[in-house]
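Colleague: Provided below for reference: sequence and predicted model.
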Amino acid sequence: MQILRQTTITYYFYLSKEDQKMTEIATAEFKGSFPSIGQCPKEEWPEFAFIGRSNVGKSSLINMLCDKKELAHTSQKPGKTQLLNYYLINQQWYIVDLPGYGYAKISQSKRKEWRKMIQDYLVKRPSLCCAFVLVDSNIKPQEKDIEFINWLGEMHIPFVLVFTKTDRLKPQDIEENIKLMQEKLLEYWNELPQQFFTSASKRVGRTEILDYIEGLAKAGILEFKQI
């Protein structure tokens, strides 16, 4: 449970003891890029959105989770992802790669266009089960991240935090940056959200994230079957 002032969001689902094992990715298929939710695939599978500041390592993380190096295109240049990119996993659920926020080197009109696309998807997409908010553990807390996380809480959108690039600095420096981020969030939140700690290059955090998604996906699939 998360609490932002008087706002409460309950979104935890857990695997049974029998299912608490590594979730296997048998198939991961790119289904297309879409400029608006009206053009997205039919709402027949649970969806898990991945979002963060530009150049946070989102594509690398998705490739690591799916065990496919070139599934999501990586780039050293921020702003590579500009549409809603859909990946169908195991023919049962979607990873949705959203454009990064906080990229300054785009026009004001393009920034507004991206913001509307992201907000429309997160607020209006019924099949969205959870947003995975990626935070760069190499740097101190960023105001853009704090603002976005607080907006998710205000809009009652289920989310978790994913700290990326935990292999880049000395462990004590990574721990310090994460601690600062946690302390900053606790200025606004009574409880911290679920958190994952990852390294795409060393495949750290893969099991934990996939098992978490599997628990949510099973609950989501049951809901779709009941509709």
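Modeller: Right, received. Where do you want to start? Numbering: from 1, shown residues only.
Colleague: how about the helix or strand residue 145 falls within as PDB, C-alpha atoms only?
Modeller: Element membership for residue 145 (DSSP states H and E) is helix 143-154. In PDB, the C-alpha atoms belonging to helix 143-154 read as follows (Å, rounded to 0.1, in the frame of the first residue of the first chain):
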ATOM      1  CA  GLU A 143      13.100  16.800  -9.500                       C
ATOM      2  CA  LYS A 144      11.500  15.500 -12.700                       C
ATOM      3  CA  ASP A 145      11.400  12.000 -11.200                       C
ATOM      4  CA  ILE A 146       9.800  13.200  -8.000                       C
ATOM      5  CA  GLU A 147       7.200  15.200  -9.800                       C
ATOM      6  CA  PHE A 148       6.300  12.300 -12.000                       C
ATOM      7  CA  ILE A 149       6.100   9.900  -9.100                       C
ATOM      8  CA  ASN A 150       3.900  12.300  -7.200                       C
ATOM      9  CA  TRP A 151       1.600  12.800 -10.200                       C
ATOM     10  CA  LEU A 152       1.200   9.000 -10.500                       C
ATOM     11  CA  GLY A 153       0.000   8.900  -6.800                       C
ATOM     12  CA  GLU A 154      -2.400  11.800  -7.300                       C
END
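Colleague: what does that helix contact?
Modeller: 2, 4, 7, 9, 51-53, 101-102, 122, 131, 133, 135, 159, 161, 181, 184-185, 188-189, 193 (CB atoms under 8 Å, 6 or more residues apart in numbering). Placement of C-beta: from N, CA and C, glycine included.
Colleague: Flag every buried residue along that helix.
Modeller: 145, 146, 148, 149, 150, 152, 153 (16 or more other CB atoms under 10 Å).
Colleague: quick one: the third one from residue 135, how far?
Modeller: Counting by CB to CB, to the nearest Å, the gap from residue 148 to residue 135 is 10 Å.
Colleague: cool, residue 100 as well?
Modeller: Computed as CB to CB, the residue 100 to residue 135 distance reads 12 Å.
Colleague: Residue 52: which element?
Modeller: Secondary structure assignment for residue 52, by DSSP H and E: strand 47-52.
Colleague: Kindly apply the preceding question to residue 30 instead.
Modeller: Per DSSP H and E: strand 28-34 holds residue 30.
Colleague: Enumerate the positions of that strand that are buried.
Modeller: Of all the residues in strand 28-34, those buried under the rule 16+ other CB under 10 Å are 28, 30, 34.
Colleague: For that strand, which strands pair with it and how are they oriented?
Modeller: According to DSSP bridges, strand 28-34 forms sheet pairs with strand 84-89 (antiparallel).
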